[in-house]
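K.L.:
sequence and predicted structure below; questions after.
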Amino acid sequence: MIEKSWQRCREAGLLHNSNPIIEMETGHAFAQSLDEHSSILATTQQKVLPFYDSLLSNSNCLITLASPSGQVLNSWGEQRFFSKHQPQVFQNGVHWQESLIGTNAIGTALETGSIVQVFHDEHFLTSNRFMTGSAAPLFDADRKMAGVLSISSDAYMPTAHTLGMVKLMSQAIENQLIASQFQQDHYLLWFNTSAENIDSQWSSLLVFNEHGIIVSANRRAEVVLGQDLALQRLDQIFDLKLEQLLSHPAYAPMALISHSQFNFFAMLTPPKLAQGRQIDYRIAPTKNNQVDANAPLTLDRLNMGDARLAKAIKQSSRILNTDIPILIHGETGVGKEVFVNALHLSSERKHAPMIAVNCAAIPAELVESELFGYEKGAFTGANQKGYIGLIRKADKGTLFLDELGDMPMNVQARLLRVLQERKVTPLGSTTSYPVDFKLVSATNRNLKQDVERGTFRQDLYYRVTGLNLSLPSLRERTDKEALVEFLLAKYTQDELDPPRISLEVLAMFKSHPWPGNIRQMVSVIQIAAAMADNGTISVEHLPDDFLHDIEQASVAPPLVTSSNVAQLHSHEEEQLAQNDAWLDIYEKNGRNVTATAKDLNISRNTLYKRLREQGLR
């Protein structure tokens, strides 16, 4: 790729010692360009960049958004270092095509239409060789190039860190662009090979209309499904009828099987605009507005009357201010993080930070640096002052490790040392820093089985397992009425005339199985409250998917809980372990994971796990 780029630069008449050719728009012309690309600018700045504060705090690291023509629309970070080397090039409005600037991350990504990383000596112009750049093209819902996102750094040590960040951020931006264009009047179907990460930035996304016709998809969906999805029907892709899919509760995980026999877990997001809703009355509020939804949600306030939850609260309260670790078990959506936050606010550590870490959501390239921190210059994109890391941020407070069972083995080993020594050694450093925190972990996996399979360290298991707590699913809770009242007050607290819930709807709430747990109930209440327009929430105000689930329960697909997700993975792993020929099939398929998984009738996730266990990936 670099060789071809250099050839294009020579054909454009550039020499290695050439100066960059500055083409720059200013004033009204640049203002028009900003207006033309306002959507992607807003998406990047408001919905994506806030999650990457640690990268932006690096004075020698610059995040840049460019237009499809290579014009810099905006940059975030400290520009002084780059401006010192190239005072004119790093300005908004400058064009970064290869023919002007030579081989560079933005220009080469535009030329190739793919993710690129250009190390310092790979830049065609000698004057650009002080930096390393990573860039990814951005595509909108119509699969047209909407821009390029890049991360530039002065670092000379080539690592996958900034490349991983660019991949993650570009996928997040593309997903936001697609969702914002279609979420008002189309269905969004998110799916992944893991039930715990259905709505992550790495998930596949399909957009379809009320007839089940796919109108858009992100690039990951096309890669995962291996086909062009435009204008296909959902039932041509998945072994599922449209009415079955639409009858499933919104935001609740479900199992999906493609016609090519790949297993997925999916979540459906319904259109935001409800159809055919007529609202023509208002009545006085009930006692909902008497609930203080703004008060800190401590353990005492979390107890709304359910016996199992009350037991968990009582047990955790007794060891609240000790060093005994807590391990929480529960399905996705039961409110594990809310419980941990309440635990923290009830403890003596409440004035210190509560740091929540989703071990499954951090990309593999970034997990060590995010958890343990790093010294300055430890890798490409490293903060020149270093990064303290999430574990040290939790000092004197509470560290919550969610989805602990998904932590990579190499990170498990480092975490074990931290828990044994109560010291953290950042990447690239020989200095250890003492830490003091309350450790709370959560999982919906069977960690004992993971220990037996060799995917979770036994010594770490005993370090994180002090008090084992099990949070009940919403369908098992006996305090639904009190919970509904609390949630309604919480999400209508800004209204002068908040709605109340009719007895009929309350009965439906109490009998519904709630496969999406509290997360699903929150969604239903928010939608119903908006539809009721400060009146009484009646059946006609409930989301269609909720009503369909009740009316057509007989055709609904099986609900996915943490237990049957684990059973499915366990069954596949046992099936693979009993097949002595699996490695031969893998080699016969040219080490193609997709083809091998299809031949073995297992998910690619299971095969990847087996390959890692055997040291083959």
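P.N.:
Cool, got the structure. Numbers count the residues shown, from 1 in each chain.
K.L.:
what residues of the longest helix along the chain count as buried?
P.N.:
Ranked by number of residues, the top helix in the chain under DSSP state H is helix 161-182. For helix 161-182, the neighbour count (16 or more other Cβ atoms under 10 Å) marks 161-179, 181-182 as buried. C-beta: built from backbone N, CA, C; applies to glycine.
K.L.:
got the domain ranges for the chain?
P.N.:
Per the record, the chain has its domains at 2-173, 307-470, by automatic domain parsing.
K.L.:
so which of the ones you listed gets nearest Asp479?
P.N.:
domain 307-470 (7.4 Å; Cβ to Cβ).
K.L.:
I'd like the average pLDDT over that closest one.
P.N.:
Averaging pLDDT along domain 307-470 gives 89.
K.L.:
can you check stretch 140-159 too?
P.N.:
Here the average pLDDT along stretch 140-159 is 77.
K.L.:
with stretch 220-238 instead?
P.N.:
What stretch 220-238 shows for mean pLDDT is 84.
K.L.:
for that stretch, the distance to its chain's centre please.
P.N.:
22 Å (Cα atoms, centre = their mean, to the nearest Å).
K.L.:
quick one, what contacts Leu404?
P.N.:
Leu327, Cys359, Ser441, Ala442, Thr443, Leu447, Val464 (Cβ atoms under 8 Å, 6 or more residues apart in numbering).
K.L.:
mind putting the residues you listed into CSV with neighbour count?
P.N.:
Formatted as CSV, those follow (neighbours: other Cβ atoms under 10 Å):
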residue, neighbour count
Leu327, 20
Cys359, 22
Ser441, 27
Ala442, 25
Thr443, 26
Leu447, 22
Val464, 22
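K.L.:
give me the subset of these lying in strands.
P.N.:
Filtering the contacts of Leu404 for membership in strands, criterion DSSP state E, returns Leu327, Ser441, Ala442, Thr443.
K.L.:
I'd say the second one and Lys336 touch.
P.N.:
No: between Ser441 and Lys336 no contact is recorded; they are 9.7 Å apart, counting by Cβ atoms under 8 Å.
K.L.:
what touches both of the two?
P.N.:
Ile328, Asp402.
K.L.:
tally of neighbours for His211?
P.N.:
If you count neighbours by other Cβ atoms under 10 Å, His211 ends up with 8.
K.L.:
list the contacts of it.
P.N.:
Counting by Cβ under 8 Å, 6+ apart, His211 touches Arg233, Leu242.
K.L.:
distance of it relative to Gly466?
P.N.:
Here the distance between His211 and Gly466 works out to 53 Å (Cβ to Cβ, to the nearest Å).
K.L.:
one more: Asn444?
P.N.:
The spacing between Asn444 and Gly466, counted by Cβ to Cβ, is 19 Å.
K.L.:
the two: who's more crowded?
P.N.:
Between Asn444 and Gly466, counted using other Cβ under 10 Å, the more crowded position is Asn444 (22 against 16).
K.L.:
which positions within stretch 84-91 qualify as buried?
P.N.:
Per 16+ other Cβ under 10 Å, stretch 84-91 contains these buried residues: Gln86, Val89, Phe90.
K.L.:
follow-up on the earlier one: which of the contacts of Leu404 sit farthest apart?
P.N.:
For the contacts of Leu404, the maximum inter-member distance is 13.3 Å, found between Leu327 and Cys359 (Cβ to Cβ).
K.L.:
and for stretch 3-12, what's in contact with it?
P.N.:
Contact with stretch 3-12 is made by Glu98, Ser99, Gly102, Thr103, Thr108, Glu111, Phe124, as judged by Cβ under 8 Å, 6+ apart.
K.L.:
export that stretch as CSV, just CAs?
P.N.:
Only the C-alpha atoms of stretch 3-12 are listed here, as CSV (Å, rounded to 0.1, in the frame of the first residue of the first chain):
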residue,chain,number,x,y,z
GLU,A,3,4.8,1.6,-2.2
LYS,A,4,1.7,2.3,-4.4
SER,A,5,1.1,5.6,-2.5
TRP,A,6,4.7,6.7,-3.1
GLN,A,7,4.3,5.9,-6.8
ARG,A,8,1.2,8.1,-6.9
CYS,A,9,3.2,10.9,-5.3
ARG,A,10,5.9,10.6,-7.9
GLU,A,11,3.3,10.7,-10.6
ALA,A,12,2.0,13.9,-9.1
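K.L.:
gap between that stretch and the chain center?
P.N.:
From the chain centre to the centre of stretch 3-12 is a distance of 38 Å (Cα atoms, centre = their mean).
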